[in-house]
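> Just to be clear, the model below is a prediction. Sequence and coordinates:
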Amino acid sequence: RSDALNHDKRIRTLLGAGLMTSKDHSIDSKKHKKKQHQKDDGWTALDPKNPVYNFLIEYYGIKGAKGPRRLARWSPDPSLI
């Protein structure tokens, strides 16, 4: 459990500067008016105006808050199982 928390902290440190504010995210999400359950875990979409984060969005398909959340998901090394 502590490894998962440490991984989450590292990803938040790496992506923190590129996460959109909740205000920016709510404006962007008006385009998609589907019924979605918003998780209140602090993850938001990456800012597409930043060239580095735009690369992650376009090349790796890290879209919306789900993308950074997936990067923050930790799984143990297969050799440990």
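Cool, got the structure. Residues are numbered from 1 along each chain as shown.

> three-state assignment of the most centrally placed residue in the chain?
The structure's the chain has its C-alpha centroid closest to residue 68; by Cα atoms, centre = their mean the separation is 1.7 Å. Following DSSP: H, G, I helix; E, B strand; the rest coil, we place residue 68 in the helix state.

> Pretty sure residue 61 sits against residue 71.
No - using Cβ atoms under 8 Å, residue 61 is not in contact with residue 71; the gap is 11.8 Å. In this view, the C-beta of every residue, glycine as well, is placed from N, C-alpha and C.

> Do you have the helices of the protein handy? List them.
According to DSSP state H, the chain carries its helices in the segments 2-15, 22-28, 51-60, 66-72.

> Can you tell me which of those is nearest to residue 44?
helix 22-28 (4.5 Å; Cβ to Cβ).

> just to revisit the earlier point, so which of residue 61 and residue 71 has more stuff around it?
Each of residue 61 and residue 71 has its neighbours counted (other Cβ atoms under 10 Å); residue 71 has more, 19 against 8.

> tell me the pLDDT at that one?
Looking at residue 71, its pLDDT reads 83.

> and it, what is it in contact with?
Contact partners of residue 71, counting by Cβ atoms under 8 Å, 6 or more residues apart in numbering, are 11, 15, 62.

> Could you tell me how many residues sit around residue 65?
20.

> Does it touch residue 44 like I think?
Yes - with contact defined as Cβ under 8 Å, residue 65 reaches residue 44; the gap is 5.2 Å.

> hmm, back to that, let me know the closest of the contacts of residue 71 to residue 50.
Nearest to residue 50 among the contacts of residue 71, with distances taken as Cβ to Cβ, is residue 15, at 10.6 Å.
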